[in-house]
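1. Pasting the sequence and the predicted model now:
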There are 2 protein chains.
Amino acid sequence: MTEDKPKRTELSELGEFGLIDRLTRGIRHRNPGTVVGVGDDAAVLSYPDKKILISKDLLIEGVHFDLVYTPLKHLGYKAAVVNFSDVAAMFGFPRQLMVGIGISNRFSAEAIDELYSGIKLACERYDVDLIGGDTVSSISGLILSLTVVGDAHADQPVFRNTAREGDLVCVSGDLGAAYTGLLILEREKQVYRADPLMQPDLAGYDYILERQLKPEARTDIVRLLSGAGVRPTAMIDISDGLASEIIHICNDSGLGCKLYEEKIPVDATTSSVADEFGISPVTCAMNGGEDYELLFTVRQEDYDKIKDMPVISIIGHMTERNEGISLVSRNGSLIGIQAQGWDAFIGNKKIPR
Amino acid sequence: MTEDKPKRTELSELGEFGLIDRLTRGIRHRNPGTVVGVGDDAAVLSYPDKKILISKDLLIEGVHFDLVYTPLKHLGYKAAVVNFSDVAAMFGFPRQLMVGIGISNRFSAEAIDELYSGIKLACERYDVDLIGGDTVSSISGLILSLTVVGDAHADQPVFRNTAREGDLVCVSGDLGAAYTGLLILEREKQVYRADPLMQPDLAGYDYILERQLKPEARTDIVRLLSGAGVRPTAMIDISDGLASEIIHICNDSGLGCKLYEEKIPVDATTSSVADEFGISPVTCAMNGGEDYELLFTVRQEDYDKIKDMPVISIIGHMTERNEGISLVSRNGSLIGIQAQGWDAFIGNKKIPR
């Protein structure tokens, strides 16, 4: 018996149009707003009764992702979901996605199939139509450029700058897990570099690895809140860390806030890995980023509607501007919140230890 | 007296949000469909009575542009216009633009200002609103990712696949100039490399250099045709060369065509430079690309309406599929048309000499 070698098809064999055909074959649309997708100079959409939400993201190998520990299918899934999260953060639902890919000839057509299979899986899970894009060659690494289109619940997007004094500050899920997942992946990468025969030791870290490699967009929270008749007064998704995002809401709304350390939801694995690395878990939550949870404010009158939702934590309240943006620590001391998350021009996390 | 040195502000001094503020300050919107632009997780648009056209492009340094001879302001202008052209090619008008930029720290904030000034100039000229985007760091070169949104004249986009047998094939402007402009720029780059003290000799080439460095989107042709009551049966813009684009229209419409070499509009400078390089001018027109002129088909009944439009050339007609896709040369012989334009995975022009 002969062993099957994985097939490698060079991109140059297919050419640009061959690759586009291969990637877009069999795409079906689910949303009535998608009139024409792939195949012409532009896609055609129709939103007669709704405002349109539109957002875009540029992801660059070596800056936003490391292919050493990111499977291409996961990368495709995450790239799509991160964009869907931007629409969820407007209290909306994603409907269409355009994908631009820059690839060097170090990638085979099969590798791009893998990447696309992750994008397609995300589109299926979130009922989003893939409507086109652009596929070009890059000189060095892999570049992903995504544009998402969606609409807001009840045609009323929720902005960042509309929180009001006294509103409750809420967050979905738990925070800091994606960052501790990254710490583990980076550690095992160093171990592997030192001795390529060492197997990575990832046992017990499933939850935080999945949070890093395969995050989800919290459209379920948009559904949950709107189903309960709760309309947030302001909303943002947590891509750069809780600190950076609450500062956006406070500054844009012209207010301050008080958050309570003991109320910030952190998973047990996140805590224990943070301890392992000598970082405080709350630092991971405040500055880690990439959790893609929703941070939002609601009116005090909505307290009864959300207090028993297990997936939502009330972590503080909005105050007058001159009270500042602060965290009440477990011992009762007041700490000013400063953004120390991801900075696109530094290119790595500035986590204080 | 001391000489003023140009100011250089490092991107790391500004940070991501500082740069975004700097670039987007003072942006005003002109289109009623632009509800909210820069500043939240997503922009908000409204198209209650119209279908939406949406298209995106990814441009990578060293593949799509060469900063040795491309001024940053021209690059920004061209990147925007190339996207507007995709909307014009649907018989539409661009309305909103999103811009993603990946930049390494080799660029100063002033360099990015230059790039943005070109993008903003294009937006002003074409009445397009800049509504947001993404600014990230890149490891090596400059990366531009643009998404354009627009609408079609009379809410009736024109597609590629709807040409009919007997329709006249038309093209706007003249072809091949952008490619001969590129030949000149590449030649002078080689001269400069061999001897950096040599001044580039660009005199007399203004027209073709402008066609390469600062193309325009033919929204004026959309206005001209719709004003005359002519609705093309199919339309595409010429980014890859006439050959590649007419093949798209023929294949997608299930037809053949006959084009006439003598009818293909070529400017005198284009011809003389092509001769200088030993390339036939028609080859530049067929395979050069980047002209961003419109290629379209109209019904024979519309002949009288377009025959005296100086900016439009009738270059052939659509035939049955089995007659093939062919060019009638000046000596009357029939040549099969093959696409030899830009291939994104080869990364350079395959011009036969």
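-> Thanks, I have it.
2. Mind listing the residues bridging to whatever residue of the stretch 101-250 of chain A ends up closest to chain B?
-> The minimum distance from the stretch 101-250 of chain A to chain B, using C-beta to the nearest C-beta, falls at A:Ser145 (3.7 Å). For glycine as for every other residue, the C-beta is placed from the backbone atoms N, C-alpha and C. Applying DSSP bridges to A:Ser145 yields these beta-bridge partners: A:Leu58, A:Gly100.
3. correct me, but it touches B:Val99?
-> No. Using C-beta atoms under 8 Å as the test, A:Ser145 is too far from B:Val99 to be in contact (10.9 Å).
4. Excluding sequence neighbours, find me the nearest residue to A:Leu259.
-> With C-beta to C-beta, 6 or more residues apart in numbering or on different chains as the criterion, A:Leu259 has its nearest non-adjacent residue at 3.7 Å, and that residue is A:Gly316.
5. whoops, I mixed them up, A:Thr34
-> Once chain neighbours are set aside, the closest to A:Thr34 by C-beta to C-beta, 6+ apart is A:Asp129, at 4.4 Å.
6. and the one you found, what pLDDT?
-> The predicted structure scores A:Asp129 at 96 on the pLDDT scale.
7. what secondary structure does A:Leu225 sit in?
-> What DSSP: H, G, I helix; E, B strand; the rest coil gives for A:Leu225 is helix.
8. for it, what are its contacts?
-> Residues in contact with A:Leu225 (C-beta atoms under 8 Å, 6 or more residues apart in numbering or on different chains) are A:Phe91, A:Arg231, A:Pro232, A:Ile306.
9. residues bridging contact with A:Ser145 and B:Val99, i.e. touching both?
-> Taking C-beta under 8 Å, 6+ apart as the criterion, A:Ser145 and B:Val99 both touch B:Ser145.
10. Can you tell me the element the residue nearest the centre of chain A falls in?
-> Per C-alpha atoms, centre = their mean, the C-alpha nearest to the average position across chain A is that of A:Val82, at 3.4 Å. Under the assignment given by DSSP states H and E, the secondary-structure element containing A:Val82 is helix A:72-88.
11. Show me what that helix is packed against.
-> In this structure, helix A:72-88 makes packing contacts with strand A:51-60, strand A:92-103, helix A:109-125, strand A:143-152, helix A:219-227, strand A:234-237, judged by 3 or more C-beta pairs under 8 Å, 6 or more residues apart in numbering or on different chains; DSSP states H and E.
12. and the angle for the first one with helix A:72-88?
-> Right, strand A:51-60. Relative orientation of strand A:51-60 and helix A:72-88, computed by axes from the mean of the first three to the mean of the last three C-alpha atoms, to 10 degrees: 140 degrees.
13. Let me see the mean pLDDT of strand A:51-60.
-> In the prediction, strand A:51-60 has an average pLDDT of 94.
14. List the buried residues in the host helix or strand of A:Glu186.
-> A:Glu186 belongs to helix A:177-194 when elements are defined using DSSP H and E. Along helix A:177-194, these residues count as buried under the neighbour rule (16 or more other C-beta atoms under 10 Å in any protein chain shown): A:Ala177, A:Ala178, A:Tyr179, A:Thr180, A:Gly181, A:Leu182, A:Leu183, A:Ile184, A:Leu185, A:Glu188.
15. List of residues touching it?
-> Helix A:177-194 is contacted from outside by A:66, A:68-69, A:198, A:200-202, A:205, A:207-213, A:215, A:241, A:266-267, A:269-270, A:273-274, A:277, A:279, A:284, A:287-292, A:349, A:351, using C-beta under 8 Å, 6+ apart.
16. The residue nearest to A:Leu259 and A:Val169 touch, don't they?
-> Yes. Shown here, A:Gly316 and A:Val169 form a contact pair, counting by C-beta under 8 Å, at 4.3 Å.
17. Need the residues touching each of those two.
-> A shared contact of A:Gly316 and A:Val169, defined by C-beta under 8 Å, 6+ apart, is any residue touching both; here these are A:Cys257, A:Leu259.
18. For A:Ala79, give its distance to A:Ile60.
-> Taking C-beta to C-beta, to the nearest Å as the criterion, A:Ala79 is separated from A:Ile60 by 11 Å.
19. so what sits against both of the two?
-> Contact criterion C-beta under 8 Å, 6+ apart; residues shared by A:Ala79 and A:Ile60: A:Leu144.
20. Can you get me a residue count around the nearest residue to A:Lys263 once chain neighbours are set aside?
-> Spatial nearest neighbour of A:Lys263, chain neighbours left out: A:Ile315 (4.3 Å); criterion: C-beta to C-beta, 6+ apart. Neighbour count for A:Ile315, taken as other C-beta atoms under 10 Å in any protein chain shown: 24.
21. How far off centre is the host helix or strand of A:Ile315?
-> Take DSSP H and E as the rule and A:Ile315 turns out to sit in strand A:312-319. Relative to the chain's own centre, strand A:312-319 is displaced by 21 Å; criterion: C-alpha atoms, centre = their mean, to the nearest Å.
22. List the pairing partners of the following helix or strand past that strand within its sheet, with orientation.
-> Per DSSP H and E, the first helix or strand lying C-terminal to strand A:312-319 is strand A:325-328. Each strand pairing with strand A:325-328, determined using DSSP bridges, is listed with its direction: strand A:256-260 (parallel), strand A:334-336 (antiparallel).
23. Just the C-alpha atoms of strand A:325-328, please, in PDB.
-> This file holds the C-alpha atoms of strand A:325-328, laid out as PDB (Å, rounded to 0.1, in the frame of the first residue of the first chain):
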ATOM      1  CA  ILE A 325     -13.300  56.300  35.200                       C
ATOM      2  CA  SER A 326     -12.400  54.000  38.000                       C
ATOM      3  CA  LEU A 327     -12.300  50.500  39.300                       C
ATOM      4  CA  VAL A 328     -13.200  49.700  43.000                       C
END
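24. residues making contact with that strand?
-> A:246-247, A:250, A:256-261, A:282, A:286, A:316, A:334-337.
25. Which among the residues you listed count as buried?
-> A:246-247, A:250, A:256-261, A:282, A:286, A:316, A:337.
26. any chance of those residues in JSON lines, with pLDDT too?
-> Putting the buried ones among the contacts of strand A:325-328 into JSON lines (pLDDT from 0 to 100) gives the following:
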{"residue": "A:Ile246", "pLDDT": "97"}
{"residue": "A:Ile247", "pLDDT": "97"}
{"residue": "A:Cys250", "pLDDT": "98"}
{"residue": "A:Gly256", "pLDDT": "98"}
{"residue": "A:Cys257", "pLDDT": "98"}
{"residue": "A:Lys258", "pLDDT": "98"}
{"residue": "A:Leu259", "pLDDT": "98"}
{"residue": "A:Tyr260", "pLDDT": "98"}
{"residue": "A:Glu261", "pLDDT": "97"}
{"residue": "A:Val282", "pLDDT": "95"}
{"residue": "A:Met286", "pLDDT": "96"}
{"residue": "A:Gly316", "pLDDT": "98"}
{"residue": "A:Ile337", "pLDDT": "95"}
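27. now, which of the residues you listed sits nearest A:Arg28?
-> For these, the minimum distance to A:Arg28 (C-beta to C-beta) is 40.5 Å, reached by A:Ile246.
28. Surely that closest one is in contact with A:Asn287?
-> No. At 11.7 Å, A:Ile246 and A:Asn287 do not qualify as touching, with contact defined as C-beta under 8 Å.
29. Starting from chain B, give me the distance back to A:Val35.
-> 6 Å (C-beta to the nearest C-beta, to the nearest Å).
30. tell me the pLDDT at that residue?
-> Looking at A:Val35, its pLDDT is 92.
31. again with A:Val136
-> On the pLDDT scale, A:Val136 gets 86.
32. Can you verify it is assigned to a strand?
-> Yes. Counting by three-state DSSP, A:Val136 is part of a strand.
33. Now do the same contact list for it.
-> The neighbours of A:Val136, taking C-beta under 8 Å, 6+ apart as the test, are A:Glu16, A:Gly100, A:Ile101, A:Gly102, A:Ile103, B:Leu58, B:Leu59, B:Ile60, B:Val63, B:His64, B:Ala344.
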